[in-house]
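1. I'll drop the sequence and a predicted model, then ask my questions.
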Amino acid sequence: MKKARWMSRSAGSNKGFSLIEVSLALTIMALVFAASFRLINAYRMQADVSRQAHNISMLATSIKNNAKLIMDASAAACTNITSAYADDGWGWRHSSCINTSPFPVYRIAPYNTLTYNIDTANFSSTVNSLISNVAQYCKYTGQSATTVTFDCSVLGISAVQYKTSANPTANTVQNTVNIFTTPHNSSTSADFLNFLDFPSAVYIQYNTYISSSGQTVAHNDMINATSDAGDDAYKLDMTDLYLDRVKKTRDNMMTLDAALRGYAAGVMTSEFENVPPNGLSSQDCFFVPWIWQVLASSQANSLTLCNNSTTCSSIVTGNQWATSPQAGSFAKAWLLVTQNLMLSNQVYAADAFGNPLRIVPIANNCTGDVSGCASSNGLPPNPQGSYLSAMVSASYSPRPPYASLIVSPLCLSNATYPDFCRWSVVYPN
(Lines give C-alpha, C1' and ligand atoms only; values in the text may rest on other atoms or scores of the structure.)
Protein backbone atom coordinates (compact mmCIF):
# COMPACT_ATOMS: atom_id res chain seq x y z
CA MET A 1 0.00 0.00 0.00
CA LYS A 2 2.76 2.45 0.84
CA LYS A 3 4.58 1.66 -2.40
CA ALA A 4 1.45 2.24 -4.37
CA ARG A 5 0.81 5.59 -2.83
CA TRP A 6 4.38 6.67 -3.62
CA MET A 7 3.98 5.58 -7.17
CA SER A 8 0.72 7.48 -7.38
CA ARG A 9 2.34 10.74 -6.31
CA SER A 10 5.17 10.25 -8.81
CA ALA A 11 2.74 9.68 -11.56
CA GLY A 12 0.80 12.78 -10.60
CA SER A 13 3.92 14.96 -10.60
CA ASN A 14 4.68 14.15 -14.23
CA LYS A 15 1.48 15.81 -15.41
CA GLY A 16 3.06 19.42 -15.41
CA PHE A 17 5.18 22.10 -13.70
CA SER A 18 4.08 23.84 -10.61
CA LEU A 19 3.26 27.55 -10.63
CA ILE A 20 6.47 28.27 -8.75
CA GLU A 21 8.57 26.41 -11.30
CA VAL A 22 6.94 28.22 -14.22
CA SER A 23 7.43 31.61 -12.55
CA LEU A 24 11.08 30.85 -11.92
CA ALA A 25 11.64 29.84 -15.53
CA LEU A 26 9.94 32.99 -16.84
CA THR A 27 12.01 35.17 -14.52
CA ILE A 28 15.23 33.61 -15.78
CA MET A 29 14.15 34.05 -19.39
CA ALA A 30 13.22 37.69 -18.73
CA LEU A 31 16.62 38.36 -17.24
CA VAL A 32 18.33 36.74 -20.22
CA PHE A 33 16.21 38.69 -22.71
CA ALA A 34 16.77 41.96 -20.85
CA ALA A 35 20.53 41.44 -20.83
CA SER A 36 20.48 40.52 -24.51
CA PHE A 37 18.37 43.56 -25.35
CA ARG A 38 20.75 45.85 -23.50
CA LEU A 39 23.70 44.32 -25.36
CA ILE A 40 21.96 44.65 -28.70
CA ASN A 41 20.92 48.23 -27.94
CA ALA A 42 24.44 49.11 -26.81
CA TYR A 43 25.83 47.53 -29.97
CA ARG A 44 23.40 49.46 -32.18
CA MET A 45 24.16 52.70 -30.34
CA GLN A 46 27.90 52.14 -30.71
CA ALA A 47 27.41 51.27 -34.37
CA ASP A 48 25.47 54.50 -34.93
CA VAL A 49 28.12 56.56 -33.13
CA SER A 50 30.91 54.87 -35.11
CA ARG A 51 29.02 55.33 -38.38
CA GLN A 52 28.54 59.04 -37.69
CA ALA A 53 32.22 59.49 -36.79
CA HIS A 54 33.24 57.59 -39.93
CA ASN A 55 31.01 59.70 -42.17
CA ILE A 56 32.33 62.89 -40.58
CA SER A 57 35.90 61.77 -41.27
CA MET A 58 35.05 60.83 -44.87
CA LEU A 59 33.36 64.20 -45.44
CA ALA A 60 36.54 65.94 -44.24
CA THR A 61 38.58 63.78 -46.63
CA SER A 62 36.20 64.74 -49.45
CA ILE A 63 36.68 68.44 -48.66
CA LYS A 64 40.45 67.95 -48.86
CA ASN A 65 40.34 65.90 -52.08
CA ASN A 66 37.91 68.32 -53.73
CA ALA A 67 40.22 71.26 -52.95
CA LYS A 68 42.96 69.53 -54.92
CA LEU A 69 40.56 68.73 -57.77
CA ILE A 70 39.46 72.37 -58.05
CA MET A 71 43.01 73.76 -57.93
CA ASP A 72 44.15 71.25 -60.56
CA ALA A 73 41.16 72.10 -62.77
CA SER A 74 41.96 75.81 -62.48
CA ALA A 75 45.22 75.12 -64.35
CA ALA A 76 43.12 74.47 -67.46
CA ALA A 77 40.16 76.79 -66.85
CA CYS A 78 41.96 79.89 -65.53
CA THR A 79 45.32 80.16 -67.29
CA ASN A 80 44.33 81.47 -70.71
CA ILE A 81 45.76 84.99 -70.72
CA THR A 82 42.89 87.36 -71.41
CA SER A 83 42.65 90.93 -72.68
CA ALA A 84 43.03 92.05 -69.06
CA TYR A 85 46.73 91.54 -69.64
CA ALA A 86 47.97 94.33 -67.41
CA ASP A 87 45.91 93.34 -64.38
CA ASP A 88 46.61 89.64 -63.84
CA GLY A 89 43.58 88.70 -65.92
CA TRP A 90 44.29 84.98 -65.59
CA GLY A 91 44.42 82.70 -62.60
CA TRP A 92 41.61 83.34 -60.13
CA ARG A 93 40.78 86.73 -61.72
CA HIS A 94 40.04 85.03 -65.02
CA SER A 95 36.39 85.41 -66.02
CA SER A 96 35.95 81.62 -65.88
CA CYS A 97 37.29 81.41 -62.33
CA ILE A 98 36.28 84.64 -60.65
CA ASN A 99 33.46 82.88 -58.76
CA THR A 100 35.36 79.75 -57.76
CA SER A 101 37.01 78.77 -54.48
CA PRO A 102 38.62 75.41 -53.55
CA PHE A 103 37.14 75.45 -50.04
CA PRO A 104 33.41 75.08 -49.24
CA VAL A 105 31.52 77.19 -46.71
CA TYR A 106 29.25 75.70 -44.01
CA ARG A 107 26.20 77.64 -42.85
CA ILE A 108 24.37 76.50 -39.73
CA ALA A 109 21.05 78.24 -40.32
CA PRO A 110 18.61 77.60 -41.69
CA TYR A 111 19.48 74.26 -43.31
CA ASN A 112 23.00 73.13 -42.21
CA THR A 113 24.19 73.69 -45.76
CA LEU A 114 27.65 72.98 -47.18
CA THR A 115 28.16 75.25 -50.22
CA TYR A 116 30.85 75.18 -52.88
CA ASN A 117 31.34 78.49 -54.68
CA ILE A 118 32.28 77.28 -58.14
CA ASP A 119 31.61 78.21 -61.76
CA THR A 120 29.54 75.15 -62.63
CA ALA A 121 29.79 75.64 -66.40
CA ASN A 122 33.55 76.06 -66.66
CA PHE A 123 34.27 73.42 -63.98
CA SER A 124 31.55 70.99 -65.07
CA SER A 125 33.58 67.77 -64.83
CA THR A 126 34.98 68.85 -61.47
CA VAL A 127 31.47 69.61 -60.23
CA ASN A 128 30.41 66.05 -61.11
CA SER A 129 33.37 64.66 -59.18
CA LEU A 130 32.82 66.74 -56.05
CA ILE A 131 29.10 65.84 -56.03
CA SER A 132 30.05 62.18 -56.20
CA ASN A 133 32.55 62.64 -53.36
CA VAL A 134 30.27 64.55 -50.98
CA ALA A 135 26.81 63.11 -51.74
CA GLN A 136 27.68 59.85 -49.98
CA TYR A 137 27.67 61.75 -46.67
CA CYS A 138 25.60 64.92 -47.23
CA LYS A 139 22.50 65.06 -49.41
CA TYR A 140 23.05 66.89 -52.71
CA THR A 141 20.41 69.64 -52.91
CA GLY A 142 21.20 71.37 -56.20
CA GLN A 143 23.36 73.89 -58.02
CA SER A 144 23.26 77.31 -59.64
CA ALA A 145 25.65 78.99 -62.05
CA THR A 146 28.08 79.67 -59.19
CA THR A 147 27.18 77.27 -56.35
CA VAL A 148 26.78 73.58 -55.50
CA THR A 149 24.98 72.82 -52.21
CA PHE A 150 24.58 69.88 -49.85
CA ASP A 151 22.40 69.28 -46.77
CA CYS A 152 24.55 67.90 -43.93
CA SER A 153 21.92 67.94 -41.17
CA VAL A 154 21.87 64.13 -40.95
CA LEU A 155 25.48 64.19 -39.71
CA GLY A 156 24.74 66.54 -36.81
CA ILE A 157 27.44 69.00 -37.94
CA SER A 158 27.46 72.25 -35.99
CA ALA A 159 30.45 73.98 -37.65
CA VAL A 160 33.24 73.54 -40.20
CA GLN A 161 36.41 75.58 -39.80
CA TYR A 162 39.83 75.77 -41.45
CA LYS A 163 42.98 76.00 -39.38
CA THR A 164 44.97 79.07 -40.42
CA SER A 165 47.25 81.51 -38.64
CA ALA A 166 44.17 83.51 -37.62
CA ASN A 167 41.48 80.83 -37.14
CA PRO A 168 39.81 79.38 -35.29
CA THR A 169 39.86 81.96 -32.53
CA ALA A 170 37.43 80.18 -30.19
CA ASN A 171 35.51 76.96 -29.72
CA THR A 172 32.23 78.50 -30.77
CA VAL A 173 29.60 77.13 -33.10
CA GLN A 174 29.55 79.43 -36.07
CA ASN A 175 29.39 79.59 -39.83
CA THR A 176 32.62 78.84 -41.66
CA VAL A 177 35.19 81.63 -41.78
CA ASN A 178 35.50 81.94 -45.56
CA ILE A 179 39.23 81.99 -46.22
CA PHE A 180 38.99 82.67 -49.97
CA THR A 181 35.92 84.72 -50.75
CA THR A 182 34.40 85.14 -54.20
CA PRO A 183 34.19 86.92 -56.56
CA HIS A 184 37.87 87.65 -57.16
CA ASN A 185 37.51 91.08 -58.74
CA SER A 186 38.76 93.53 -56.13
CA SER A 187 42.19 94.00 -57.82
CA THR A 188 43.93 93.41 -54.51
CA SER A 189 45.93 90.55 -53.08
CA ALA A 190 42.65 89.15 -51.69
CA ASP A 191 42.01 87.90 -55.23
CA PHE A 192 44.87 85.40 -54.88
CA LEU A 193 44.91 82.20 -52.84
CA ASN A 194 47.34 83.12 -50.09
CA PHE A 195 49.72 80.22 -49.55
CA LEU A 196 51.08 82.03 -46.47
CA ASP A 197 47.70 81.35 -44.88
CA PHE A 198 46.84 78.07 -46.60
CA PRO A 199 44.74 75.88 -44.25
CA SER A 200 46.83 73.33 -42.37
CA ALA A 201 43.75 71.39 -41.23
CA VAL A 202 39.97 71.26 -41.47
CA TYR A 203 37.90 70.96 -38.28
CA ILE A 204 34.36 69.57 -38.19
CA GLN A 205 32.29 70.15 -35.07
CA TYR A 206 29.39 67.76 -34.55
CA ASN A 207 26.86 66.52 -31.99
CA THR A 208 26.34 62.86 -31.14
CA TYR A 209 22.93 61.85 -29.73
CA ILE A 210 23.07 59.07 -27.10
CA SER A 211 19.65 57.44 -27.32
CA SER A 212 20.03 55.35 -24.19
CA SER A 213 20.40 58.39 -21.96
CA GLY A 214 18.74 61.02 -24.13
CA GLN A 215 21.90 63.10 -23.93
CA THR A 216 23.87 64.87 -26.68
CA VAL A 217 27.68 64.85 -26.70
CA ALA A 218 29.15 67.93 -28.40
CA HIS A 219 32.44 67.41 -30.24
CA ASN A 220 33.32 71.08 -30.40
CA ASP A 221 36.89 71.66 -29.19
CA MET A 222 38.61 73.00 -32.33
CA ILE A 223 41.54 74.64 -30.56
CA ASN A 224 42.91 71.45 -29.03
CA ALA A 225 41.48 68.91 -31.45
CA THR A 226 43.25 65.58 -31.03
CA SER A 227 42.29 62.03 -31.78
CA ASP A 228 42.14 60.88 -28.16
CA ALA A 229 39.67 63.35 -26.62
CA GLY A 230 35.96 62.58 -26.75
CA ASP A 231 34.79 66.18 -26.93
CA ASP A 232 37.20 67.25 -29.68
CA ALA A 233 36.06 68.31 -33.12
CA TYR A 234 37.20 66.01 -35.90
CA LYS A 235 40.50 67.27 -37.34
CA LEU A 236 41.97 66.31 -40.71
CA ASP A 237 45.52 67.45 -41.44
CA MET A 238 46.00 69.17 -44.82
CA THR A 239 49.76 69.73 -44.70
CA ASP A 240 50.34 67.13 -47.39
CA LEU A 241 48.02 69.04 -49.74
CA TYR A 242 50.02 72.22 -49.16
CA LEU A 243 53.32 70.42 -49.83
CA ASP A 244 51.86 68.92 -53.01
CA ARG A 245 51.00 72.45 -54.22
CA VAL A 246 54.49 73.68 -53.30
CA LYS A 247 56.17 70.93 -55.32
CA LYS A 248 53.99 71.51 -58.37
CA THR A 249 54.63 75.27 -58.17
CA ARG A 250 58.37 74.65 -58.17
CA ASP A 251 57.93 72.31 -61.12
CA ASN A 252 56.04 75.03 -63.02
CA MET A 253 58.75 77.59 -62.37
CA MET A 254 61.53 75.20 -63.39
CA THR A 255 59.66 74.51 -66.63
CA LEU A 256 59.37 78.25 -67.29
CA ASP A 257 63.06 78.68 -66.46
CA ALA A 258 64.01 76.05 -69.05
CA ALA A 259 61.65 77.54 -71.65
CA LEU A 260 62.96 81.09 -71.20
CA ARG A 261 66.63 80.13 -71.27
CA GLY A 262 66.07 77.73 -74.16
CA TYR A 263 64.34 80.40 -76.21
CA ALA A 264 67.07 82.96 -75.58
CA ALA A 265 69.80 80.46 -76.50
CA GLY A 266 67.97 79.46 -79.68
CA VAL A 267 67.48 82.97 -81.08
CA MET A 268 71.02 84.01 -80.15
CA THR A 269 72.39 80.95 -81.97
CA SER A 270 70.29 81.81 -85.02
CA GLU A 271 71.61 85.37 -84.97
CA PHE A 272 75.22 84.15 -84.82
CA GLU A 273 74.53 82.50 -88.18
CA ASN A 274 72.96 85.66 -89.59
CA VAL A 275 76.18 87.59 -90.34
CA PRO A 276 76.38 91.32 -91.13
CA PRO A 277 75.18 93.34 -92.93
CA ASN A 278 71.84 91.52 -92.46
CA GLY A 279 72.55 90.41 -88.92
CA LEU A 280 74.46 91.58 -85.87
CA SER A 281 78.08 90.89 -85.14
CA SER A 282 78.93 88.10 -82.70
CA GLN A 283 79.84 90.65 -80.06
CA ASP A 284 76.55 92.50 -80.51
CA CYS A 285 74.57 89.23 -80.27
CA PHE A 286 76.07 88.71 -76.84
CA PHE A 287 74.68 92.01 -75.53
CA VAL A 288 71.11 91.78 -76.85
CA PRO A 289 68.58 90.60 -74.22
CA TRP A 290 66.83 88.26 -76.66
CA ILE A 291 64.11 87.33 -74.23
CA TRP A 292 62.46 90.65 -75.16
CA GLN A 293 61.06 88.89 -78.17
CA VAL A 294 58.51 87.00 -76.15
CA LEU A 295 57.74 89.74 -73.64
CA ALA A 296 55.64 92.85 -74.12
CA SER A 297 53.40 95.16 -72.13
CA SER A 298 50.25 94.22 -74.04
CA GLN A 299 48.93 90.93 -75.34
CA ALA A 300 48.52 92.12 -78.93
CA ASN A 301 52.16 93.17 -79.21
CA SER A 302 53.37 89.86 -77.84
CA LEU A 303 51.87 87.78 -80.62
CA THR A 304 54.49 88.59 -83.26
CA LEU A 305 58.14 87.72 -82.85
CA CYS A 306 61.04 89.73 -84.24
CA ASN A 307 61.43 88.31 -87.72
CA ASN A 308 64.48 90.12 -89.02
CA SER A 309 67.88 91.24 -87.80
CA THR A 310 67.57 95.01 -87.86
CA THR A 311 64.17 95.85 -86.38
CA CYS A 312 61.88 94.33 -83.77
CA SER A 313 58.36 95.60 -84.36
CA SER A 314 56.87 93.46 -81.59
CA ILE A 315 58.80 95.27 -78.87
CA VAL A 316 56.46 98.06 -77.84
CA THR A 317 57.25 101.49 -76.53
CA GLY A 318 57.23 101.99 -72.80
CA ASN A 319 59.33 100.80 -69.95
CA GLN A 320 60.55 97.28 -70.64
CA TRP A 321 62.10 97.02 -67.19
CA ALA A 322 59.91 97.11 -64.11
CA THR A 323 59.92 100.38 -62.21
CA SER A 324 58.87 101.21 -58.69
CA PRO A 325 55.38 102.41 -59.76
CA GLN A 326 54.84 99.16 -61.65
CA ALA A 327 55.93 97.13 -58.64
CA GLY A 328 53.61 99.06 -56.37
CA SER A 329 50.36 98.62 -58.27
CA PHE A 330 48.45 95.61 -59.51
CA ALA A 331 46.93 97.72 -62.30
CA LYS A 332 50.22 98.58 -64.04
CA ALA A 333 51.58 96.79 -67.10
CA TRP A 334 53.90 93.90 -66.33
CA LEU A 335 56.19 92.02 -68.63
CA LEU A 336 54.53 88.64 -68.79
CA VAL A 337 55.01 85.24 -70.30
CA THR A 338 53.24 85.26 -73.66
CA GLN A 339 51.34 82.86 -75.83
CA ASN A 340 54.28 82.69 -78.24
CA LEU A 341 56.50 81.07 -75.66
CA MET A 342 53.81 79.09 -73.88
CA LEU A 343 52.22 77.67 -77.04
CA SER A 344 49.68 75.16 -75.72
CA ASN A 345 51.20 74.93 -72.25
CA GLN A 346 49.13 77.68 -70.66
CA VAL A 347 49.10 75.64 -67.47
CA TYR A 348 52.50 77.14 -66.65
CA ALA A 349 51.09 80.67 -66.60
CA ALA A 350 49.94 80.06 -63.02
CA ASP A 351 51.31 78.39 -59.93
CA ALA A 352 49.79 75.22 -58.47
CA PHE A 353 47.62 77.29 -56.13
CA GLY A 354 45.96 78.92 -59.16
CA ASN A 355 47.64 82.31 -58.80
CA PRO A 356 49.03 84.02 -61.92
CA LEU A 357 52.78 84.02 -62.53
CA ARG A 358 54.61 87.08 -63.89
CA ILE A 359 57.96 87.29 -65.62
CA VAL A 360 59.81 90.54 -64.92
CA PRO A 361 63.21 91.35 -66.46
CA ILE A 362 65.48 92.47 -63.63
CA ALA A 363 68.99 93.77 -63.06
CA ASN A 364 71.82 91.32 -62.48
CA ASN A 365 71.79 89.24 -59.31
CA CYS A 366 68.81 91.12 -57.95
CA THR A 367 67.13 90.12 -54.70
CA GLY A 368 64.35 91.66 -52.62
CA ASP A 369 61.27 93.33 -54.04
CA VAL A 370 60.75 94.00 -57.74
CA SER A 371 61.06 97.76 -57.45
CA GLY A 372 64.50 97.23 -55.93
CA CYS A 373 65.41 94.99 -58.84
CA ALA A 374 64.43 97.43 -61.57
CA SER A 375 66.72 99.42 -63.83
CA SER A 376 65.97 103.13 -64.03
CA ASN A 377 67.47 103.54 -67.49
CA GLY A 378 64.24 103.03 -69.38
CA LEU A 379 63.76 101.18 -72.66
CA PRO A 380 66.79 99.26 -73.99
CA PRO A 381 67.70 99.78 -77.66
CA ASN A 382 66.01 97.54 -80.18
CA PRO A 383 68.17 94.86 -81.83
CA GLN A 384 70.14 96.65 -84.58
CA GLY A 385 73.52 96.76 -86.25
CA SER A 386 76.32 97.76 -83.81
CA TYR A 387 74.02 97.05 -80.87
CA LEU A 388 76.83 97.44 -78.33
CA SER A 389 77.53 100.97 -79.62
CA ALA A 390 73.83 101.81 -79.42
CA MET A 391 73.70 100.54 -75.84
CA VAL A 392 76.74 102.57 -74.82
CA SER A 393 75.40 105.65 -76.60
CA ALA A 394 72.11 105.30 -74.71
CA SER A 395 74.03 104.81 -71.45
CA TYR A 396 71.89 101.73 -71.00
CA SER A 397 72.42 99.40 -68.10
CA PRO A 398 72.42 96.58 -66.99
CA ARG A 399 74.93 94.51 -68.91
CA PRO A 400 74.85 90.74 -69.45
CA PRO A 401 74.18 88.26 -68.06
CA TYR A 402 70.55 89.28 -68.21
CA ALA A 403 68.07 87.92 -65.70
CA SER A 404 64.35 87.67 -65.14
CA LEU A 405 62.24 87.03 -62.09
CA ILE A 406 59.34 84.56 -62.18
CA VAL A 407 57.15 85.73 -59.37
CA SER A 408 53.68 85.33 -57.87
CA PRO A 409 51.76 88.55 -57.14
CA LEU A 410 51.92 87.57 -53.46
CA CYS A 411 55.74 87.59 -53.46
CA LEU A 412 56.55 91.05 -54.80
CA SER A 413 57.74 92.85 -51.71
CA ASN A 414 60.47 92.43 -49.13
CA ALA A 415 57.91 90.89 -46.77
CA THR A 416 58.38 87.28 -45.75
CA TYR A 417 57.52 84.95 -48.60
CA PRO A 418 58.09 81.24 -49.29
CA ASP A 419 61.14 80.31 -51.32
CA PHE A 420 59.02 78.57 -53.97
CA CYS A 421 57.11 81.66 -55.17
CA ARG A 422 60.10 83.60 -56.61
CA TRP A 423 62.50 82.15 -59.15
CA SER A 424 65.43 83.91 -60.85
CA VAL A 425 66.33 83.03 -64.45
CA VAL A 426 69.78 83.86 -65.84
CA TYR A 427 69.97 83.81 -69.63
CA PRO A 428 72.89 82.26 -71.50
CA ASN A 429 74.22 85.44 -73.09
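-> Everything's here; your move.

2. switch to C-alpha atoms for all contacts and neighbour counts from now on
-> Will do.

3. please enumerate the helices of this structure.
-> Here the chain has its helices, by DSSP state H, at 2-13, 19-77, 124-134, 239-272, 282-287, 324-327, 339-342, 370-373, 387-393.

4. which non-adjacent residue is nearest Ala394?
-> Pro381 (7.7 Å; C-alpha to C-alpha, 6 or more residues apart in numbering).

5. got a pLDDT number for the one you found?
-> Predicted confidence (pLDDT) for Pro381: 71.

6. what about stretch 73-88, start to end distance?
-> Using C-alpha to C-alpha, to the nearest Å, one end of stretch 73-88 lies 18 Å from the other.

7. was I right about the residue nearest to Ala394 contacting Met391?
-> Yes: Pro381 is in contact with Met391 according to C-alpha atoms under 8 Å; the separation is 6.3 Å.

8. looking at the two, which one has more neighbours?
-> For Pro381 versus Met391, neighbours defined as other C-alpha atoms under 10 Å are more numerous around Met391 (20 against 16).

9. any idea how far the more buried one lies from Leu280?
-> Noted for Met391: a distance of 13 Å to Leu280, by C-alpha to C-alpha.

10. contacting residues for the residue nearest to Ala394?
-> Counting by C-alpha atoms under 8 Å, 6 or more residues apart in numbering, Pro381 touches Tyr387, Ala390, Met391, Ala394.

11. and which of those residues is nearest to Ile20?
-> Using C-alpha to C-alpha, Met391 comes nearest to Ile20 of the contacts of Pro381, at 119.3 Å.

12. from Ala265, how far off is the closest one?
-> Counting by C-alpha to C-alpha, the gap from Met391 to Ala265 is 20 Å.

13. over to Ala352?
-> Taking C-alpha to C-alpha, one finds Ala352 at 27 Å from Ala265.

14. for these two, indicate the residue with more neighbours.
-> More neighbours surround Ala352 than the other of Ala352 and Ala265, with 24 against 17 (other C-alpha under 10 Å).

15. is it correct that Met253 is in contact with Ser408?
-> No: assessed by C-alpha under 8 Å, Met253 is found out of contact with Ser408, at 10.3 Å.

16. need the residues touching each of the two.
-> Asp351.

17. neighbour count for those two, which is higher?
-> Met253 (24 against 19).

18. tell me how far the more buried one lies from Ala352.
-> To Ala352, Met253 is 10 Å away according to C-alpha to C-alpha.

19. residue boundaries of the strands in the stretch 51-200 of the chain?
-> Secondary structure of the stretch 51-200 of the chain by DSSP state E, counting those that start in this stretch: the strands cover 105-107, 113-117, 139-143, 147-151, 157-163.

20. and the angle for the second one with strand 147-151?
-> An angle of 160 degrees separates the directions of strand 113-117 and strand 147-151 when computed by axes from the mean of the first three to the mean of the last three C-alpha atoms, to 10 degrees.

21. now do the contacts for Ile131.
-> So Ile131 contacts Tyr140 (C-alpha under 8 Å, 6+ apart).

22. how many neighbours does Thr115 have?
-> 19.

23. again, but for Tyr417
-> Using other C-alpha under 10 Å, Tyr417 has 14 other residues around it.

24. was I right about it contacting Asn194?
-> No: counting by C-alpha under 8 Å, Tyr417 does not reach Asn194; the two are 10.4 Å apart.

25. spit out the residues that contact the two alike.
-> Leu410.

26. put together CSV for the strands of the stretch 51-200 of the chain, with distance to Asn178 and mean pLDDT on each row.
-> Listed next are the strands of the stretch 51-200 of the chain as CSV, based on distance: least, C-alpha to C-alpha, whole Å; pLDDT from 0 to 100:
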stretch, distance to Asn178, mean pLDDT
strand 105-107, 6, 94
strand 113-117, 11, 96
strand 139-143, 19, 96
strand 147-151, 14, 97
strand 157-163, 9, 91
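
27. out of these, which comes closest to Ser96?
-> Across these, Ser96 has its closest neighbour in strand 113-117 (12.5 Å, C-alpha to C-alpha).

28. ok, that closest one: who's next to it in the sheet?
-> Paired with strand 113-117 in the same sheet, following DSSP bridges, are strand 105-107 (antiparallel), strand 147-151 (antiparallel).
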